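In: Quick one: sequence and predicted model below, then my questions.
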Amino acid sequence: MVSIGAQSNQPALGRSAPILTFIVAPPQRKHKHAKSSTWEVRLSTSRGVPYFYNTIDGQSIWKPPPELSQEEVNALPGAKEYLLGQPANGRPAQVRASHLLVKHRDSRRPSSWKEPSITRSKEEAITILRSFQAEINGSPDKFAQLAGKHSDCSSHANGGDLGPFKPGQMQKPFEDATYALNVGQISDVVSTDSGVHLILRTA
């Protein structure tokens, strides 16, 4: 910012000439944490999972705000309480996830609460899961709704919620896929001995 001060007269070649005094103000700096200071992490009482709340406009979202880095997300108010910390190996000590399972005839246990004997092929199971994926379209609420109606796992009674688990407690493809997700993100089709899954990481 430039401001013009008072004029003063000083002699120049025997004549008086006005001199203007300029005051240059340093540019204002934006606080690097300004964008993150509007968000905080809260816990959904209905679903028992964390979400992100904007304290300025009241917006609530499941996924971390895209404009924030992982470091900024971890520093948000409530993050230490509701988002699990990162150990030295870069993986959380535990995560929480929901899933929508479609079994097929080659599944470890080709039966479910809906069907005493499952005869569909793996390819048919994937086609079914893809249709659910399109219907969910990234929505955690829709995910829970469809998992409750269609998942071949007993967790369907809880909207697909498996609760928290640690490394080594799930089949490796399932574990790796879950840990690769951000909180609120839904996986692509994941295949395990149990069948084919869509996975929603919730914490």
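Out: The structure has been received and is ready for your questions. Numbering: from 1, shown residues only.
In: so where's the chain uncertain?
Out: 1-36, 45-48, 84-91 (pLDDT under 70).
In: Domain-wise, how is it divided?
Out: With domains defined by automatic domain parsing, the chain comprises 39-82, 95-201.
In: Stretch 66-80 spans what distance, first to last residue?
Out: 19 Å (Cα to Cα, to the nearest Å).
In: thinking again about what came up before, most tightly packed of the domains of the chain?
Out: Ranked by mean neighbour count, the domains of the chain are led by domain 95-201 with a mean of 18 (mean count of other Cβ atoms under 10 Å). In this view, the C-beta of every residue, glycine as well, is placed from N, C-alpha and C.
In: Could you tell me the end-to-end distance of it?
Out: End to end - Cα to Cα - domain 95-201 spans 7 Å.
In: ditto for stretch 188-203
Out: Using Cα to Cα, first and last residues of stretch 188-203 are 18 Å apart.
In: Same check on stretch 95-108?
Out: End-to-end for stretch 95-108, by Cα to Cα: 24 Å.
In: what's the answer for stretch 54-65, then?
Out: End to end - Cα to Cα - stretch 54-65 spans 9 Å.
In: what does it rub up against?
Out: Here stretch 54-65 makes contact (Cβ atoms under 8 Å, 6 or more residues apart in numbering) with 36, 38-40, 42, 49, 51-53, 70, 73, 140, 182-185.
In: for that stretch, the distance to its chain's centre please.
Out: Put simply, stretch 54-65 sits 12 Å off its chain's centre (Cα atoms, centre = their mean, to the nearest Å).
In: Quick one: the helices in the chain, in order.
Out: Ranges of helices within the chain are 70-74, 79-82, 122-136, 140-150, 172-180, based on DSSP state H.
In: Columns distance to residue 112 on top of those, output as TSV?
Out: Conversion of the helices of the chain to TSV gives the following (distance: least, Cβ to Cβ, whole Å):
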stretch	distance to residue 112
helix 70-74	37
helix 79-82	33
helix 122-136	12
helix 140-150	10
helix 172-180	17
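In: center of this structure - which residue?
Out: Residue closest to the average C-alpha location in the chain (Cα atoms, centre = their mean): residue 63, at 3.0 Å.
In: Quick check: the gap between that one and residue 191.
Out: Relative to residue 191, residue 63 is positioned 25 Å away (Cβ to Cβ, to the nearest Å).
In: Please apply the same query to residue 132.
Out: In terms of Cβ to Cβ, residue 132 sits 15 Å off from residue 191.
In: Equivalent analysis for residue 93, please.
Out: 26 Å.
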